[in-house]
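*Asks:* model this:
(chains A and B)
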Amino acid sequence: MVEYILQFLASAITEGSIYALMGLGLVIIHRSTEVMFFAQGTIAMVGGVTLYALFTQGHIPLVVAIPVCLIVCVTLALASQWIVVLPLLDRGVSPLNVSIITIGAAMILEMAAMMLFGKDPLAVASFSGDKPMKIFGASIVPQEFWIVGSTLIVLFLTLLFFKRTWIGKAMTGLGDNPLLAKASGFPVRWLFTYSFVFAALVGGLAGTVSAPISYTGCWVGTRLTIKGFVAAAIGGINNPLGAVLGGLIIGFFESFTAGFISSRLKDLITIILLLLVLRLRPQGLMGERQ
Amino acid sequence: MTSAKPSNVVSFMRRHWQILVLIVLILCFPIVIKTYFLTRVGIVLALFAVNITGMTLLTRYAGVISLGHSAFFASGAYLSAILTVRAGLNPWLSMAIAAGVTVVFAYLFSVPFLKLRRAYLAMATLGLGEVAFLLAKDLTEITGGVSGIPGIPYLRLGRIVLSEDWQIFYLFGCFVVFFVFLTENIGQTRLGRAYHAIRTNETAAKAMGIDVQWELSRLFCFSALVSALAGSMLAHFITFISPESFTLDFSFTLLIIVIIGGANIWGALATAIVLIGFSEVFRGLQDLSMGFYGLLLIVGLFVFPEGLAVLFRRGYARRKISGNDIKPILPNLQNPMNRQTPVQNLQPKKGKILQLSNISKNFEGTEALSEVSVSVGYNQIMGIIGPNGAGKTTLLNVINGFLTPLEGKVIFQNIEVVGKTPHEMARLGLGRTFQLINLFKGMTVIENVMVGCHLKGKSGMLMGGLNFGRSRHEETMIRNAAMRSLEFLGLVERAYDVVENLSYGEQKLVELARALAMEPDLLLLDEPASGLNSVETESLSDILRRIRDRGITIILVEHNMPLVMSLSDLVFVLDFGRGIALGTPEEISRDKEVIRAYLGQEV
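*Replies:* The predicted structure follows:
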């Protein structure tokens, strides 16, 4: 029994970490632009398939391949920001409508991925072998350590970024009161750019490190986006830590529902949790009241 | 109403030529298009057309983003399929039951979730769509799981089984015409203006007497109803349903169509034809169709930020003012705006229109108002003055129902009104203007003022949508009332200008006109003279006197002392949330306490 629980816990933390990273990126963008960036999961997907091309097909070592993947992600995120998000916001289209329009960017990226890689699931080799380790009876594959480890590092850097750097503090201010931030002479556009770069790095990392665990392919983007949104909504759409908490909560519920009740119910439970949180505490578990 | 019949027909055709074109197109389609494939494309298009009628009103008029309308589409389809296949009901009956039950679902969802801010609401609808999909996929015993429900019967008319594609197309065509007609009319009349008002300025919409929660809820149910009908039509058309048709992609596609389409059903229809037509005709390239949607979405919104609707907009924005619009003003003595002479000869009502006693209000520990008591008699102008932060606007918001006081009583026209919402206050006869301009952007001046007449109309979605008889009469009445209000303030020439194009002073007047159009008994004015030049202020003071002379009581919060002192019958002074003086302008200008509050400690 204990080993079952440990096993479920391990997969809860792994899956939860991926959701947390997705949620984190969405929160960072939402804080600064009020846009829900629907292409976030697609950008993570691009990270995954690029890794497939470089690492699995091209046999390029990881130390080179992963940074290249991240650069590709950042480039695409910036492109969608400069081509779609900013100009539309400038034209007075409401952030909510701009959010919907980013679905367009997601669709285009997805189509491009489909044309390049086809529709089939792509298997990416694990970073450090597939030999599971036994920890208190639960077997854990090394890739799970990669995922959890990178989440922890990202979290640490995020906190440092918001607490210590000028840009981080400015981004907090922007999220709290965009108008005032503009009036006090913050270079708001650059902050938008930083938030997209940040989100792309986080999303790209999630896409690359998670690719070996499950298959990757052009279709994973939407699922990742939705999980990210659910994580962010549960934790608090404007609170980075909340998104991480939300991601872990979803991972936990999914893993334990699948393990103890039925894997048919795991998605349903998550959604019901989302609706409950929205009903009882719309600002999210860690969100501040508006 | 007395005009002869032929001219009625002509005027109907003039107003609704697009719907006539649509009918002709639908009639001709199966005659011209003989291929099996293209007829099927036509049917799919019809299904989308029905779906987007409700979505256009919901998303583009009222500004509610739903990412989960696939839930209602699925609910309609599955209920209809289950009732016919498993319970053997008549398809028409099952369609009606499916639609009815879906509306109940939609209502139950809307009650808690429509209260949320729009972004959270979008999340909740996303969850709703996912729940529906998962239920369809996983409740295998009832829904057949991934393999779906086969063998759904066709609809029949008497003995005729509607199994031929052209028959189905004509049947669906009828639905399309009906709902497009309804949507078009709703969009252009009272409810459409209310939705626009809710989207652009919810606060002002509430002050105009619009019950935002109820209107949105009703609209949400309407859009769920049409989606459910479309779902049920789908089930009886392909006679087989499976969860695949009800994914998130479906909701996204609907949303993309209405976003590109804009706030007008014709824009949305044109978009649907291009998008669905393309993806069906190039079915072999299905992989590319999503990318094409995406591209069209981005490019479309760049070229037309307001959506394709701008190509189809006839409405008031483009129409030049014509004599016809003002002409049919019938003398209506109930309406104070319409009296030719002031009402001095009428006995002024005795007693108090508004009594506040011991009002206290806190904001997170800061005392904004403490034990404020004051009352206003009928047909007076009361000025409220006080330094910045004295609690003047807070007091107005308490009277108006935007804020609930911590303690104290508000009695308006002999009714205890604490706890009443702003739209209920509007219904009781309270009008309001705001400190910062709170107009409905994107609407013309007259449309803004017509929102002020919201409570004069009663037509619901069906009657308003059919737009004949009483509800048409109602529109004329509202338009005339709005025109009178504009006339009173000398704004008739600007009636058909979009409100953002007016000067600041004119916009303030439009706001006043909108409040007057409510025909209030008591008018709350929050700094009407701020930002006006001296000429405008002069004319404002004249206007306010005329309003008072027509039997409307005014409470005026204002910093412009000469204006307050010359207009007011009584002046009430607030300082740090306390009422420190009440009296005639002469008394107030001599009051030591007041002078101290304004000029510093000792004088």
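*Asks:* so B:Ala77 sits right up against B:Ser245, yeah?
*Replies:* Yes. Taking contacts as CB atoms under 8 Å, B:Ala77 lies within contact range of B:Ser245: 7.4 Å. (Each C-beta comes from the backbone N, C-alpha and C, glycine too.)
*Asks:* identify the contacts common to those two.
*Replies:* B:Leu234 (CB atoms under 8 Å, 6 or more residues apart in numbering or on different chains).
*Asks:* of these two, who's got more company?
*Replies:* B:Ala77 (30 against 20; other CB atoms under 10 Å in any protein chain shown).
*Asks:* residues in contact with the closest residue to the more buried one other than its chain neighbours?
*Replies:* Nearest non-adjacent residue to B:Ala77, counting by CB to CB, 6 or more residues apart in numbering or on different chains: B:Gly231, 3.6 Å away. Going by CB under 8 Å, 6+ apart, B:Gly231 touches B:Phe72, B:Phe73, B:Ala74, B:Ser75, B:Gly76, B:Ala77, B:Tyr78, B:Ser80, B:Ala98.
*Asks:* just confirm B:Gly231 is within a strand.
*Replies:* No. Going by DSSP: H, G, I helix; E, B strand; the rest coil, the assignment for B:Gly231 is helix, not a strand.
*Asks:* so how far is B:Met461 from it?
*Replies:* 20 Å (CB to CB, to the nearest Å).
*Asks:* so A:Thr151 touches A:Leu21, yeah?
*Replies:* Yes. With contact defined as CB under 8 Å, A:Thr151 and A:Leu21 form a contacting pair (5.9 Å).
*Asks:* which of those two has more neighbours?
*Replies:* Comparing A:Thr151 with A:Leu21 by other CB under 10 Å, the one with more neighbours is A:Leu21, at 32 against 26.
*Asks:* contacting residues for B:Met233?
*Replies:* B:Leu47, B:Val50, B:Met95, B:Phe172, B:Phe175.
*Asks:* and those, which two are the farthest apart?
*Replies:* B:Leu47 and B:Met95 (13.5 Å; CB to CB).
*Asks:* number of nearby residues for A:Pro142?
*Replies:* 15.
*Asks:* what sits against it?
*Replies:* A:Ser126, A:Phe127, A:Ser128, A:Gly129, A:Asp130, A:Lys131, A:Met133.
*Asks:* so which of the contacts of B:Met233 are in helices?
*Replies:* B:Leu47, B:Val50, B:Met95, B:Phe172, B:Phe175 (DSSP state H).
*Asks:* what is the burial count for the residue in the stretch 301-450 of chain B positioned nearest to chain A?
*Replies:* Proximity of the stretch 301-450 of chain B to chain A (CB to the nearest CB) peaks at B:Pro305, 4.9 Å away. Neighbour count for B:Pro305, taken as other CB under 10 Å: 15.
*Asks:* any idea how far B:Tyr293 is from the nearest residue to it once chain neighbours are set aside?
*Replies:* Of all residues not flanking B:Pro305 in the chain, A:Arg91 sits nearest, at 4.9 Å (CB to CB, 6+ apart). With distances taken as CB to CB, A:Arg91 is found 21 Å from B:Tyr293.
*Asks:* more neighbours: which of those two?
*Replies:* Neighbour tally, A:Arg91 and B:Tyr293, criterion other CB under 10 Å: the higher count belongs to B:Tyr293, 25 against 12.
*Asks:* what does the stretch 1-150 of chain A put close to chain B?
*Replies:* Contact residues, the stretch 1-150 of chain A versus chain B (CB under 8 Å from any CB of the partner chain): A:34, A:36, A:83-84, A:87-88, A:91-94, A:96-97, A:99-101, A:103-108, A:110-112, A:114-115, A:119.
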